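Visitor: no sequence on this one, just coordinates:
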């Protein structure tokens, strides 16, 4: 009887998990073909089947954020995609609050969206989780500078350069803004 109950519980858990994985596979195939809407719908359905799994919100956040960076000529679409990416990263962070990946990416997206204070909060959480991660102190510094706080911004950037001196020769210094 116990074995039957265990088998039943396992099946109830595995079937949605496998279906979610299949949907995400279809979604990524659509994305490779440039079909963003089909990708988004497939991963949203996958998330609905396995809402405890942060993989789907993180993938939606990452990919919608990536596409938003390519929308320079379409500012309204860029804003919509950034807002969706931010919302998905927040959802993923709610599911898995101890993952630096979610917070650092949320920080960069919030910076791109023009929300430096919220970006700072996300970078601070990422730093709390993985302080040695390259780029998080730089993001914190940039957020602070854009928030009108030059002293903490320069301090964070100096710390980033001390930890990762290769940043000094990065092409990022030649980018506008």
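Guide: Received it, and whenever you're ready, just let me know what you need. Since this is a predicted model, take the numbers as computed values, not measurements.
Visitor: Okay, buried residues for stretch 115-127 please.
Guide: Using 16 or more other CB atoms under 10 Å as the test for burial, stretch 115-127 gives 115-116, 118-127. The C-beta positions use only the backbone N, C-alpha and C, and glycine is treated the same way.
Visitor: Okay, and the residue sitting nearest the centre point of the chain sits in which element?
Guide: Geometric centre of the chain, nearest residue: residue 105, 4.0 Å, by CA atoms, centre = their mean. Secondary structure from DSSP states H and E places residue 105 in helix 100-112.
Visitor: From the chain's centroid, how far away is that helix?
Guide: 6 Å (CA atoms, centre = their mean, to the nearest Å).
Visitor: just stretch 159-171 next, same as before
Guide: Its chain's average C-alpha position is 23 Å from that of stretch 159-171, according to CA atoms, centre = their mean.
Visitor: Check which residues of it are buried.
Guide: Buried residues in stretch 159-171, defined by neighbour count with 16+ other CB under 10 Å: 159-161, 164, 167.
Visitor: Those residues in helices, which ones?
Guide: 159-161 (DSSP state H).
Visitor: Is it possible to get CSV of the residues you listed that adds distance to residue 145 and pLDDT?
Guide: Below are those laid out as CSV (distance: CB to CB, whole Å; pLDDT from 0 to 100):
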residue, distance to residue 145, pLDDT
159, 14, 94
160, 13, 93
161, 14, 93
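Visitor: What segments of this protein are helices?
Guide: Using DSSP H, helices in the chain cover 2-32, 36-49, 55-68, 75-95, 100-112, 116-129, 136-146, 150-163.
Visitor: contacting residues around the closest residue to residue 26 other than its chain neighbours?
Guide: Leaving aside its chain neighbours, residue 26 sits nearest to residue 42 (5.1 Å; criterion: CB to CB, 6 or more residues apart in numbering). Contacts for residue 42 (CB atoms under 8 Å, 6 or more residues apart in numbering) come out as 23-24, 26-27, 30.
Visitor: same check, this time on residue 46
Guide: Contacts for residue 46 (CB under 8 Å, 6+ apart) come out as 19-21, 23-24, 27, 56.
Visitor: List the buried residues in stretch 37-46.
Guide: Quick answer for stretch 37-46 (16+ other CB under 10 Å): 39-40, 42-43, 45-46.
Visitor: Mean pLDDT per helix and strand in the protein: which one sits at the bottom?
Guide: helix 2-32 (a mean of 72; mean pLDDT, DSSP states H and E).
Visitor: Around the closest residue to residue 57 other than its chain neighbours, how many other residues sit close by?
Guide: Distances taken as CB to CB, 6+ apart put residue 92 closest to residue 57, at 3.6 Å, once the chain neighbours are dropped. Number of residues near residue 92 (other CB atoms under 10 Å) recorded here: 27.
Visitor: Wait, residue 92 touches residue 53, no?
Guide: No - counting by CB atoms under 8 Å, residue 92 stays clear of residue 53, with 9.4 Å between them.
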